[in-house]
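1. mind folding the following:
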Amino acid sequence: MRLLKVATCNLNQWAMDFDCNLKNIKESIVEAKEVGAVIRLGPELEITGYGCEDHFLELDTINHAWECLKDILLGDWTDGILCSFGMPVIKGSERYNCQVLCLNRKIIMIRPKMWLANDGNYRELRWFTAWKQKDQLVDFQLPYEISEALQQKSVPFGYGFIQFLDTAVAAEVCEELFTPSPPHAELALNGVEVFMNASGSHHQLRKLDVRLRAFIGATHTRGGVYIYSNHQGCDGGRLYYDGCASVVVNGDLVAQGSQFSLRDVEVVVAQIDLEAFDFNFNLHFHRDTNFVAV
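-> Predicted structure coming up:
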């Protein structure tokens, strides 16, 4: 039996409140490790807060995010647990909305968002660039202070997944789930079994039902586990985030956090039998999707 314990969370983050946000992130990691989870997923742009708006265009916002990440990686927070942190990253002259995947005090890879939310209340194209290079993982040179502190010069950057001995894990960021060709479809055909969706989804009437239908549909026909994390509360902008972090396995909702909670940190945990979806298309590879072996 191959058992995997995962943790996802609702966090009450505040735009540009780096100290508060970092405190909540660390608390969520502690709670995840206390119950034996080996994967911890946090919300989209959790380090800075989602609603920073034009502050995303300021270099200080990016630098402070890296400082927070360095603080986490220099401690024992990521020892023995794969953590996905949401933060903005500059590569070249472009800003990207990224998930930074870390394990054992190292950055394993950086996954930039490929489909940006730019309708209704969302204006991500104002601040970020969508990542379009799906055919390769490129080297990303870490900022000097981060590189010196971590003794790590560069990391893979782009669209791909992480291959472990027992399973493969990939990120699918918020809006990407709702696109005509969501990444999880292709990733599942390449043997990925665990999907992590970091989101910044505000409350809207019946929107939770739309999300759940999407999570369930993503794993109903392909198998696998879909982990969803969200903000909760108001982070200083015009939106109210309703939480509801969830874990779906083979099309069944197995764990869900509360909606409209007043708690700053809420961790949702689920233990999954990987052999329950061992059929997950491992013999039907679709294409040579990029991966990082750990």
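
2. ok, how many other residues are close to E124?
-> If you count neighbours by other C-beta atoms under 10 Å, E124 ends up with 22. Using the backbone N, CA and C atoms, a C-beta is placed for each residue, glycine as well.

3. what's the closest non-adjacent residue to it?
-> L116 (3.9 Å; C-beta to C-beta, 6 or more residues apart in numbering).

4. quick check: the gap between the one you found and A255.
-> L116 sits 29 Å away from A255, going by C-beta to C-beta, to the nearest Å.

5. for K70, same thing?
-> 31 Å.

6. try R206
-> 21 Å.

7. which of the residues in the helix-or-strand element of the chain with minimal mean pLDDT are buried?
-> In the chain, no helix or strand scores lower on mean pLDDT, DSSP states H and E than strand 291-293, which sits at a mean of 78. By neighbour count on 16 or more other C-beta atoms under 10 Å, the buried set for strand 291-293 is F291, V292.

8. direction included, what does it pair against?
-> Sheet pairing here is set by DSSP bridges, and for strand 291-293 it gives strand 161-163 (parallel).

9. can you list contacts of the strand it pairs with?
-> Residues outside strand 161-163 that contact it (C-beta atoms under 8 Å, 6 or more residues apart in numbering): 82, 101, 108-109, 168-170, 187, 190, 192, 289-294.

10. next helix or strand past it?
-> Using DSSP states H and E, the helix or strand that follows strand 161-163 in sequence is strand 168-171.

11. mind listing what that next one pairs with, with the direction of each?
-> In the sheet, strand 168-171 lines up with strand 161-163 (antiparallel), strand 194-198 (parallel) (DSSP bridges).

12. mind giving me the packing neighbours of whichever helix or strand comes after that strand?
-> Heading C-terminal from strand 168-171, the first helix or strand you meet, by DSSP H and E, is helix 183-189. Under the contact criterion of 3 or more C-beta pairs under 8 Å, 6 or more residues apart in numbering; DSSP states H and E, helix 183-189 touches strand 168-171.

13. got the buried residues for stretch 19-31?
-> Neighbour-count burial for stretch 19-31 [16+ other C-beta under 10 Å]: N21, L22, N24, I25, K26, S28, I29, E31.

14. please disregard the earlier target; I meant stretch 88-99.
-> Applying 16+ other C-beta under 10 Å to stretch 88-99 flags P88, V89, K91, R95, Y96, N97, C98, Q99 as buried.

15. returning to what we had before: L116 and A255: which is more packed in?
-> Ranked by neighbour count (other C-beta under 10 Å), L116 and A255 place L116 first, with 22 against 18.

16. helix, strand or coil for the more buried one?
-> coil (DSSP: H, G, I helix; E, B strand; the rest coil).

17. low-scoring pLDDT stretches of the stretch 151-294 of the chain, where are they?
-> For the stretch 151-294 of the chain, the stretches with pLDDT under 70 are 277-288.

18. which non-adjacent residue is nearest Y96?
-> In space, and not counting its chain neighbours, Y96 is closest to P112: 3.9 Å by C-beta to C-beta, 6+ apart.

19. can you map out the helices along the stretch 151-294 of the chain?
-> With DSSP state H, counting those that start in this stretch applied, the stretch 151-294 of the chain shows helices at 183-189, 207-220, listed in chain order.

20. out of the ones you listed, which is the most enclosed?
-> When these are scored by mean count of other C-beta atoms under 10 Å, the highest mean neighbour count falls to helix 183-189 (a mean of 21).
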